[in-house]
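A.B. asks: here is a sequence with its predicted model. Questions after.
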2 protein chains.
Amino acid sequence: MTTDPLVVFTPSGKRGRFPVGTPVLTAARQLGVDLDSVCGGRGICSKCQITPGYGEFSKHGVTVAADALSEWNAVEARYDEKRGLKPGRRLGCQARIMGDVVIDVPPESQVHKQVVRKAASARVIAMDPATRLYFVEVDEPDMHEPSGDFERLARALKREWGVAGARADLSLLSKLQPVLRKAKFQVTVALHRGHEEDAAQVLDIWPGLHEGGLYGLAIDLGSTTIAAHLTDLETGEVRASAGIMNPQIRFGEDLMSRVSYAMMNPGGDREMTTAVREAINTLAGEIAAEAGIDPVLIVETVFVCNPVMHHLLLGIDPVELGQAPFALATSRSLTLGAKELDLSAINPRAQVYILPCIAGHVGADCAAVVLSEEPGKSDDLALIVDVGTNAEILLGDKTRVLACSSPTGPAFEGAQISSGQRAAPGAIEAIRIDPVTKEPRFRVIGCDKWSDEEGFADDVGPGGITGICGSGIIEAVAELRLAGLLDESGLIGSAEATGTARMIAEGRTHAYLIHDGGAGGGPRITVTQGDIRAIQLAKSALYAGARLLMDARGVDRVDRVVLAGAFGAHISPLHAMVLGMIPDVPLEKVTSAGNAAGTGARIALCNVGARREIERVVGEITKVETAIEPKFQEHFVAANAIPHKIDPFPELNKIVSLPNVSFNTGGETGGRRRRRG
Amino acid sequence: MTTDPLVVFTPSGKRGRFPVGTPVLTAARQLGVDLDSVCGGRGICSKCQITPGYGEFSKHGVTVAADALSEWNAVEARYDEKRGLKPGRRLGCQARIMGDVVIDVPPESQVHKQVVRKAASARVIAMDPATRLYFVEVDEPDMHEPSGDFERLARALKREWGVAGARADLSLLSKLQPVLRKAKFQVTVALHRGHEEDAAQVLDIWPGLHEGGLYGLAIDLGSTTIAAHLTDLETGEVRASAGIMNPQIRFGEDLMSRVSYAMMNPGGDREMTTAVREAINTLAGEIAAEAGIDPVLIVETVFVCNPVMHHLLLGIDPVELGQAPFALATSRSLTLGAKELDLSAINPRAQVYILPCIAGHVGADCAAVVLSEEPGKSDDLALIVDVGTNAEILLGDKTRVLACSSPTGPAFEGAQISSGQRAAPGAIEAIRIDPVTKEPRFRVIGCDKWSDEEGFADDVGPGGITGICGSGIIEAVAELRLAGLLDESGLIGSAEATGTARMIAEGRTHAYLIHDGGAGGGPRITVTQGDIRAIQLAKSALYAGARLLMDARGVDRVDRVVLAGAFGAHISPLHAMVLGMIPDVPLEKVTSAGNAAGTGARIALCNVGARREIERVVGEITKVETAIEPKFQEHFVAANAIPHKIDPFPELNKIVSLPNVSFNTGGETGGRRRRRG
C-alpha cells in the first residue's frame, strides 16, 4: 500500500494528502486554501498561479522532488507565450500533484489579498468585495427541459461556484440571451452578494472570460467637496482619485443654510438632490476617463456623507435635520441600485452601499472614520477629529466610544476667508513668520521650495500664487499669534503697534499682507480681521465639541489626537494646538489619518465583512448631541481666545512661549465675540 | 379557587380559558382564531366584529349567561353611532370576557375570508393577500436614542404585529417624515410580504387609520385583448372588470408575426413593450375610474400571459421564442416593482407578480389555468382547453399533468373572419339553421331575444347587428354542416346544390348569407369559404394539440373536457364537438370554466400561498412541444374534416346525425387543404 502525496500550502500552512494526479487548484479548494480562480479551473483566467518549492523544506518537513508536479503542459505553454508567466510559476488548475510538494500561493493569487494603505496608519484592507467575477458554462436550452436561460445560468452558478439563489433585474434579463448565444453559453458574470441576505444579484454578463476587471467607487460626499477613489475590486488598488466642488454650494455654503433653502423653497430639496446626483455622474465619468476604464465596469459604489448630504443624496427633504430632535428619515445602512440614485454614468445595475448614520448630526462619514480609525480598539484614549465644513469628533478607547459633530463652517477649508481658496496648485499651504522681522515665508501647492528659497518664483509656475487654503490659513493665524502680531483675543495689531509695514489698516481693523502680486497682475494675499474671526468661530466649535465628549467621558485630558479630514494630513499639529483647535497633548501624540472617511469608504468597498462590522459598531457608540447641550455654548465661548484658556496647555508651553501682547484699544468692530485677556 | 371562564369560538371550534377581563380579540389571538384587526385592538378599525351567543349551546357544552361579556362601552357606542353595528355585534377589542361564552366570528371579520367565485366551478378563494394594512403607533424621535423614523416604524411593526425586517424604497422614505408628524406618529401602512423571503416591504403609509381599502389588479394579458379585474384585497370582491384591445395588434395579429416584427425591425421589441405598457396604464386608469377608486390604492398587480407577451411586457426581445428550442429568457415567477414595468397609473410602489411560465410555448396564462382548474387534483382524466389566439391545452389527473400550446390563430376570437368582430354588443353570438328551410335565426350580444322572436328588431337597439363573434362563427360553421350546407371537407355548397337562395356565389366559391342589413345601411353578414378555411385551420390546430397530449399519455379518450378562455363560457359544447375542436365525450362532460386564466390571476392576487403552490406544481408538469413533433402535423392534417375522422365519435353520433353531402366539384380554390370524404 502506497501513501498519497503530502501537499503543504504556504503561507497558510494548510496541508493534506491527495491522490496522484490531483490538480493543485482542487487540492487548494478542498483544504480551504485562499487560491483565486475566475474560470473555475479551465486554464483560461490565470488567477490561480502558484509557485512550487523544490528541494528540502525543513520548516514543513517535506522533501520535494523535481517531479513533484506534473510536467508543464500545453495550456500553460500557450498562456506563457501569450501573456507570460513569471519564472517558477505554474497554473494551479493545470499542474497536478505527483509527489510530496510545498506550494506557495503568491499574494496576487489570493482571493483575500491584503492591501496596505499608503497612508501613515498600518491598517491593511483584506479584499473581500461584495461583487466578484465568476466564469460559468451554462447548459444549452433543451425543449425537453424548458427552463429559462437565466434559470440555467443560476443552476451553473450553483453547480460550479456553490452560489445559490442568483437573481437578476429586467435589464440584465433583456441582454442575457444574445450574450449567451454569442459566447456559446460560456460567460463571465459579475455577481453581487448582499451582506444581509443569501440572495446574489447578477450585475452584468460578458461573453467568454471577462478580463477587463471590475471597479468600484468610494465616494466621500462632503458639504463642500465630493471626492472619489476609483478602486480595482480585484486588487484593491486605487486606479484614480478625483474631486469636484459640491454644486449645492450655490444653495447654501453650510448645511444649515441648505436645510433653510429646502424649507423656504418648495421643491428646493429636489433641486439640491438633482444637482448633487449630476455632480456625482460628472465625477464618475471623469474619474473613469482619467483611469482609462469603461464606466460600465464600475459595479459598486460606497458613499460616506453627513446626514444632510445623506438625505439630499437619497432625495429626502432634510428639513427634520434642521430642528430638534434632528430625526433622520432612516439611519441604517442602505444597499440600493445605482438607478435609484440616477447614477447613469456607471453600470446601470451597479450596487450602492451607504454606511449607517450614527445620529441626526453624526453621519455615515463619521461611521466611516470609525471603520478606518477603529477608536473602539484603541488601548489609550484617542480623540479623532475629522475636519470639514462639519467636524465629526470621536472620543474613545476599548471601553467606550463617544461621537458628536460640530458645525465648524467652511473656514477650515479656505471658504469664507478673504484670500481663501481650495487646496489646489497656487494656494499657500504653509507659512512661517519671523518673530523678529515679522516677514513671512511660505510654500505653495505645486512647488517644493519655500518662497525665500532660490528659484521659487520660477518654480511656482505660470498660475502664480492664487490664494490661501485651509492648512495655510490655520498656520497663518497661529504664526501671527506666535510672532506677536495677534493678541490672545484674536485682534490684529496695527503697523504702529507691531512695528511692521506688513500691517495694513482696513477701516477700523488691520490686515497682515502675506504676498502682494499686484505688480504682476496677481492677487494681494492678506489675513484680515474677518478671517481671524472666522477661524476663531470654527476652532471654538471644534474644541467645544471635543470638550463636550471629554465631559461626557469624565476626563480633562486625552492620550492622543488624530487629525482626519480631506486636508487633515496637511494641518500642522503645532499650529493646530497654538490655535486651540485641539486639546493639549504632547506634540508627538498628534497624528494625521489623512482622509479617514474616504479610507472608511474604501474599506467598505473592498470588504463586505467591514459593512457588517460597522453596522454593529455604530449601534454601540454613545451619541452626544451638541446642539441642545448648554455646555456646548459655554465651551464655545470659552474657547475663543488664541489659545483658549480652558486648560493650562502644559504640553504646548513646553514647546513655544506665546508673546504677551494686547491690541485691544476698543477700536475693533469686526469680531462677533471679544474676550479681554 | 375559581376557574377562568371558558371561551369557544365558532366556526373554528377553538376554545380556551382566559382570566376575567380579557378582551375577546386577545383571546382570539392567543388561540390562533382567524379574527381580523387593522388597528391592533384600538377600537377604531372595527374589523374585529364578533357575535356573542347567549343561552344554551349543547353543541359546545357551554351555557352562556347574559353577562358573559363586559357591557357595551363608549368606544362601541361611538362606533355604532357613526357607522352602525349590526344588531348583536360587538367589537372584539372592546368586549371583555366575564364568563363562559361562545363567540362567533362572522365571515367578514375573518382575515382568511372564503370568496366563492360566481362562475360555475365551486372553487373558493381563501383571502390571504400579499399586501395588508397595519395600523401602528410609532415611537416619537428622541435625541438620546437617535434612530431614524423608518427604523422606529419597523420596530413598531415588529412589536405590534410581529413583522420583522420591514424595508422601504426611497420614494416611501421621502414621504415618511411629513406623514408621521401630521398623524402624531399614528399611521397605517400597506405592507407587502413577499412569499420567498422574510422581508416585508412598506408600500405606502397614511396618517391615522386608513379606511380607503387596498386594491389589486388581476390582468390577463392576451395577444388580442387585455382584461383586468380590479379586486378588493380585503374582501376579494371584484369591484370592476374591463378590457381593451392589445395595441400590439398593429405589429402583427398573431404572436409569430410579432416575433417576426421584432426580428425585422431593430428596436421593434421595444416599440411593442412601450405599446403594451401604455395600454395597461390606460386600462388601469379606466378601471379605477369606473370603480371610483383612487389608483394609488392599487398596490398589487398579477399578470398572466403567454410567453411572447410575457417577454414583451418585461422588455425582453422575444426572438428566441420564434425558433427552436424556444428558450425563455426566464421561466420562473417574478416579483417586480410597478416602476420596473413603467406602470405609472397605479401606486408607484405597487408590487407586480407574474406567474411562472411552463415552457417556451406554454406560458404563465396556462399556469394560471392550472391554478384555477387544478387538473392535478382531478380523479378523472380532464382535457382543459383555453381557447384564444394561442390555445393552451392541459391533460391530466391526479397521476400526471401534461401541457402544450397550439397556434390556433385569432379566428376563434372573430378575427380574420370576413364578418368577424370582437364579442361586443351587436355581434351575433349564437345561430341555428333550420335543416329543412335552411333559414337562420340568431341571437345578438346585448339582446335576449332570438332574431325570429317578436320585438327582436326593436330590442337590438340603434347599433343594429354589426358582425359575428367567435362563438357565433363556431356555431355558424357547425350549423352549416348540420344543415347539409357544408360538406365534410369544409366546402360550402352552391344555391343550386343546396336549394337555398341564401347561398351566394363569390367567385368560384360560395358564401352563406346570415343577415342582410344593406337596406338599413347595415352590413351584410355572411360566412364565406375563406371563413370556413380559417376555422378549419384553427380547430385542426386545437384538436391536434389535444391529441398530442393524449398520445403522450397513451389514451385515445378523455373523461371530460373543460372549455376555458375569455369566451370559453360562450362556446356551445355541441357545436364545438360537431366542428371537431375537441375530442368526442358525452355532451354533459363538456363544461365551461369561463376565463380560467383570469381566475387563476385573481387567485394569485388574493392568496399568496397560491403563488407558492403554482410555482411548485409548474415544475411537475410534463411539457409537450407541438412545434417540433412530427405527429402534430399529422394530427393537424387529419383533423381538417368536419368532423374529423380520427376517432369514430360515438358520443356525438348519439346526438346528431351528420348529413352525408359532398360539394366537391373541383371548382373550389380557396382552401389550403382539401380532403375527399
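C.D. replies: Perfect, I can see it now. Residues are numbered from 1 along each chain as shown, chains lettered A, B, ... in the order given.
A.B. asks: tell me the pLDDT of the closest residue to A:Ser419 other than its chain neighbours.
C.D. replies: Residue nearest to A:Ser419 in three dimensions, not counting chain neighbours: A:Ile525, with 4.4 Å by CB to CB, 6 or more residues apart in numbering or on different chains. No exception for glycine: its C-beta is placed from N, CA and C like everyone else's. Per-residue confidence (pLDDT) for A:Ile525: 92.
A.B. asks: check contacts around A:Ile525.
C.D. replies: A:419, A:428, A:465, A:467-468, A:513-517 (CB atoms under 8 Å, 6 or more residues apart in numbering or on different chains).
A.B. asks: wait, A:Ile103 sits on A:Pro52?
C.D. replies: Yes. A:Ile103 is in contact with A:Pro52 according to CB atoms under 8 Å; the separation is 5.4 Å.
A.B. asks: list residues touching both of these two?
C.D. replies: With CB under 8 Å, 6+ apart, A:Ile103 and A:Pro52 have no common neighbours.
A.B. asks: give me the more crowded residue out of those two.
C.D. replies: Taking neighbours as other CB atoms under 10 Å in any protein chain shown, A:Ile103 and A:Pro52 compare with A:Ile103 leading, 24 against 20.
A.B. asks: return the list of strands paired to the host helix or strand of that one, each annotated with direction.
C.D. replies: Taking DSSP states H and E as the criterion, A:Ile103 maps to strand A:101-104. Here strand A:101-104 is paired, per DSSP bridges, with strand A:6-10 (parallel), strand A:49-53 (antiparallel).
A.B. asks: of the ones you listed, which stretch is the most buried?
C.D. replies: With neighbours taken as mean count of other CB atoms under 10 Å in any protein chain shown, the strands paired with strand A:101-104 reach their highest mean count in strand A:6-10, at a mean of 22.
A.B. asks: and A:Leu283, that's in a helix?
C.D. replies: Yes. Checked against DSSP: H, G, I helix; E, B strand; the rest coil, A:Leu283 lies within a helix.
A.B. asks: need the contact list for it.
C.D. replies: Residues near A:Leu283 by CB under 8 Å, 6+ apart: A:219, A:226, A:228, A:242-244.
A.B. asks: that older thread, so which of the strands paired with strand A:101-104 gets nearest B:Ile358?
C.D. replies: Among the strands paired with strand A:101-104, the nearest to B:Ile358 by CB to CB is strand A:49-53 (46.6 Å).
A.B. asks: contacting residues for the nearest residue to A:Gly426 once chain neighbours are set aside?
C.D. replies: Nearest residue to A:Gly426 in three dimensions, chain neighbours excluded: A:Thr466, at 3.5 Å (CB to CB, 6+ apart). When contacts are counted by CB under 8 Å, 6+ apart, A:Thr466 touches A:421, A:424-427, A:522-523.
A.B. asks: kindly report the residues of the stretch 551-677 of chain A close to chain B.
C.D. replies: Residues of the stretch 551-677 of chain A lying close to chain B (CB under 8 Å from any CB of the partner chain) are A:623, A:625, A:628.
A.B. asks: in strands only, show me the residues you listed.
C.D. replies: A:Lys623 (DSSP state E).
A.B. asks: dump the residues of the stretch 551-677 of chain A next to chain B to a markdown table, plus pLDDT and neighbour count.
C.D. replies: Below are these laid out as a markdown table (pLDDT from 0 to 100; neighbours: other CB atoms under 10 Å in any protein chain shown):
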| residue | pLDDT | neighbour count |
| --- | --- | --- |
| A:Lys623 | 90 | 19 |
| A:Glu625 | 83 | 20 |
| A:Ile628 | 77 | 10 |
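A.B. asks: state the distance from the residue in the stretch 351-500 of chain A that chain B sits nearest to to A:Asp386.
C.D. replies: Relative to chain B, the nearest point of the stretch 351-500 of chain A is A:Ala359 (3.5 Å; CB to the nearest CB). Note on A:Ala359: its distance to A:Asp386, by CB to CB, to the nearest Å, is 15 Å.
A.B. asks: mind giving me the PyMOL command for buried ones among the contacts of A:Thr466?
C.D. replies: Burial among these is assessed by 16 or more other CB atoms under 10 Å in any protein chain shown; the matching PyMOL selection reads:
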select buried, chain A and resi 421+426+427+523
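A.B. asks: which among the contacts of A:Thr466 gets closest to A:Gly337?
C.D. replies: Set against A:Gly337, the nearest of these by CB to CB is A:Ala424 (34.3 Å).
A.B. asks: contact partners for the closest one?
C.D. replies: Taking CB under 8 Å, 6+ apart, we find A:Ala424 in contact with A:445, A:466, A:469.
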